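# I'd like to go over a predicted model; first the sequence, then the structure.
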Number of protein chains: 2
Amino acid sequence: MTEPHTSTELAMRKLREAILSGDLLPGDKLHQDRLAEMLGISRTPLRAALTTLVQTGLVTYESNRGFAVREFSFDEVAGAFAVRAELEAMACRLAAGQMTEAANQHLARLVADGDRLLEPGRLLPEKLADYRQMNVDFHTTVMQLSGNPWIISFVQSLHNVPAASDRVIMWRDFRVIERSHDDHRRIAHALALGQGERASAIMREHITFALEHLHLQLQLYPQDFLRIPAFDKPAKTRPGDRSKRTTA
Amino acid sequence: MTEPHTSTELAMRKLREAILSGDLLPGDKLHQDRLAEMLGISRTPLRAALTTLVQTGLVTYESNRGFAVREFSFDEVAGAFAVRAELEAMACRLAAGQMTEAANQHLARLVADGDRLLEPGRLLPEKLADYRQMNVDFHTTVMQLSGNPWIISFVQSLHNVPAASDRVIMWRDFRVIERSHDDHRRIAHALALGQGERASAIMREHITFALEHLHLQLQLYPQDFLRIPAFDKPAKTRPGDRSKRTTA
DNA sequence: CCCCGGCACTATGGATACATTTCCTGCCAA
DNA sequence: TTGGCAGGAAATGTATCCATAGTGCCGGGG
């Protein structure tokens, strides 16, 4: 890819991966010495990586108190969805005026990819990664077509908010996935016709519903979200000090 | 303020100021050794500061090629206004449902401040800073009332785009300023009545017009924008290598 | 018994020294 | 003259060392 040939970039990727995958939990303190040793680099590039991650929104920092994995409240997650809905709806409106034959075909292909992945009547586990990629690509493509780089940039940031990302697929209810994919089809259709407001409205609903569904899933299967402390209900006794477990 | 007592933060502030004020021009290469010496610090905190500035959008970075002051195209500036319009309009919609007596009074006070500043029938140069502050406060207040932290955060980023910021006041035409201030009055009024869509529409126009006006000013008085290379028309022969002027 | 102050330890911030990459320059050959 | 290659100067990336702020413990005093 983009040559991770500096230790700094390497550290950034590893850390981002560790955070997004849940290996590092929100609230965890990011010890410079330990992390540096774990990654096999010195503290200098590690600190550079952490500094970058701060402004990416994955990590927090306080002078002389170090870095920590950022925590999100549920309100922040909900707010992230709301802004995403607004920005991606905007992207649809703009993209409608920019559609080319190539753009139409690109979107159509992504829709077809989804059709194929869902063809079995359920989302096979081994297809989940592909589906996720298709989903991300679809949204990214629309935003790119809008021609407004800020939209992509900001939505990208929002993808760092746990559970507010396209990466998260609610795989339990197949009908929900089917409907979500059908939204894509309708958005592509509206865009192909140059009907920006129509596409925009579908996109807004598409994302708004995702939040609603997340909320529902959260109540039904809270255990699925244990690694996402924004939803870790009790959550006033923060974990993170797993070091000294007082012998009960 | 917020303890600028680490060299890193100090460097960040100085650099930001230098960039926003135009002392450092977009495209300028940011030499680590020289800057460090100028600021009287070593390269370590300087690099930390630069890394931070990268993610705030003021500076660009390429591995092994160093940092440079970011350049913006006119399209990017226009796009920044468009996203600002969308996000701040959204903020109005949300804020309308959150209005308290205190909030009403706060907005009313800001409007009154503006009234006082414009009372002389023109914007006195010595009042420009105050007016600018009032303007920033007004927009920030509305966004805060929306309760969605992402809106503030993103609009904040956009303020780093040259000429897309509230900090920039078009002072030439007093009627434009008066009208802009009247928009504030109407927005505050609509919000006080809980009429979010109405406030939202005015806000959108408020910002959209600002872009249009900027465009007009650019054509009338291009010399005012020489320090903002997004508008530096010819601009294929970038300055920045002012060091070695080949003897013509 | 609780609170306060000081001390030691730990972790972070910054500086310097070293390694690696880039890029400029000058030379050579086509 | 021009293109390319090689060598070296310069700038960036990284490691290590020192300084300093933060934190927790301990003891003394109220």
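Noted; the coordinates are in hand. Numbering: from 1, shown residues only, chains lettered A, B, ... in the order given.

# and A:His106, how many neighbours does it have?
17 (other Cβ atoms under 10 Å in any protein chain shown). All C-beta atoms are positioned from the backbone trio N, CA, C, and that covers glycine.

# okay, it: pLDDT?
pLDDT recorded at A:His106 is 97.

# Need the pLDDT of the closest residue to it other than its chain neighbours.
Ranked by Cβ to Cβ, 6 or more residues apart in numbering or on different chains and with sequence neighbours excluded, the top spatial neighbour of A:His106 is A:Thr141, at 5.9 Å. At A:Thr141, the model reports a pLDDT of 98.

# wait, isn't A:Thr141 in contact with A:Leu110?
Yes - when contacts are counted by Cβ atoms under 8 Å, A:Thr141 is listed as touching A:Leu110 (6.8 Å).

# gap between the residue nearest to A:His106 and DNA strand C?
Using Cβ to the nearest atom of the strand, to the nearest Å, one gets 31 Å for the distance from A:Thr141 to DNA strand C.

# Please name every helix or strand in contact with the helix or strand where that residue lies.
Secondary structure from DSSP states H and E places A:Thr141 in helix A:128-146. Applying 3 or more Cβ pairs under 8 Å, 6 or more residues apart in numbering or on different chains; DSSP states H and E, one finds that helix A:128-146 contacts helix A:74-95, helix A:101-118, helix A:149-158, helix A:174-192.

# Kindly compare burial across those helices and name the winner.
helix A:74-95 (a mean of 22; mean count of other Cβ atoms under 10 Å in any protein chain shown).

# for chain A, what's the longest helix?
As assigned by DSSP state H, the longest helix anywhere in chain A is helix A:196-220.

# burial count for the residue nearest to A:His106?
19.

# got a list of what it touches?
Each residue near A:Thr141 by Cβ atoms under 8 Å, 6 or more residues apart in numbering or on different chains is listed here: A:Ala103, A:His106, A:Leu107, A:Leu110.

# same thing but at 10 Å, please
A:Thr141 sits next to A:Ala91, A:Ala95, A:Ala103, A:His106, A:Leu107, A:Arg109, A:Leu110, A:Ala188, A:Leu191 when contact means Cβ atoms under 10 Å, 6 or more residues apart in numbering or on different chains.

# got it, and A:Val155?
A:Val155 neighbours (Cβ under 10 Å, 6+ apart): A:Ala80, A:Val83, A:Arg84, A:Leu87, A:Glu88, A:Ala91, A:His139, A:Thr140, A:Met143, A:Ala164, A:Ser165, A:Asp166.

# and if you look at A:Lys14?
Shown in contact with A:Lys14 (Cβ under 10 Å, 6+ apart): A:Pro4, A:Asp23, A:Leu35, A:Met38, A:Leu39, A:Ile41, A:Ala49.

# Apply 8 Å and report the result again.
With Cβ under 8 Å, 6+ apart, A:Lys14 has these contacts: A:Leu39.

# what do you get for A:Asn104?
A:Ala188, A:Leu191, A:Ala192.

# What is the end-to-end distance of stretch A:58-70?
Stretch A:58-70 stretches 6 Å from its first residue to its last (Cα to Cα, to the nearest Å).
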